[in-house]
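Need a 3D model of the sequence below.
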Amino acid sequence: MSSDVKGEIYEGLLQKNAEDIKSGAGQYFTPRPLIKAMVECLRPEPEKTIADPCCGSGGFFLAAQAFLANPKNYTLDREQKEFLKNKTFYGNEIVAATYKTALMNLYLHNIGDIYGNVPITLGDALVADPGYRVDYVLTNERDTLRLTA
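The predicted structure follows:
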């Protein structure tokens, strides 16, 4: 089974789980159609960086990756594909179980490297300046409110 198929299955399970519980432990999972619409409005560009300080299961990253990799939007060369996989995304997740879910979700969608470049960190994004700057921030205001509450 290809990684695309595995990733889609995993994403479907995450979406079903989010619909079943809607909110738990102060978490809110942004509906995928809303994420897709936000990414399409933003129209991120290749070789630009994207952060989500409350990344949850990684939905904004997956939508941005799909937008950037879509040949209708951009034709990426080898270096741009490598950048997309390993240098585009930066995120935080404060809940340990959700962090692990996000790592698996990103790995199945070919973002980052589970044994090397991990695009997200476990912890509160407000504790300290991470030391990097990004071109875009994709997040849901409700997620950010959860982080600041």
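
Packing partners of the longest strand along the chain?
Counting residues, the longest strand found in the chain (DSSP state E) is strand 89-93. When contacts are defined as 3 or more CB pairs under 8 Å, 6 or more residues apart in numbering; DSSP states H and E, strand 89-93 packs onto strand 50-52, helix 59-69, helix 96-108, strand 120-122. The way it works is simple: take the backbone N, C-alpha and C, and place the C-beta from them, glycine included.

Quick check: next helix or strand after the last one?
Right, strand 120-122. strand 136-137 (DSSP states H and E).

Remind me what that next one packs against, helices and strands.
Judged by 3+ CB pairs under 8 Å, 6+ apart, strand 136-137 is in contact with strand 50-52.

at 7 Å what do you get?
Counting contacts by 3 or more CB pairs under 7 Å, 6 or more residues apart in numbering; DSSP states H and E, strand 136-137 is packed against no other helix or strand.

how far is it from where the chain is centred?
Distance of strand 136-137 from the chain centroid (CA atoms, centre = their mean, to the nearest Å) equals 11 Å.

What strands line up against that strand, and which way round?
Strand 136-137 has the following strand partners under DSSP bridges: strand 50-52 (parallel).

Each with direction, which strands does the longest strand of the chain pair with?
Sheet pairing for strand 89-93, assigned by DSSP bridges, gives strand 50-52 (parallel), strand 120-122 (parallel).
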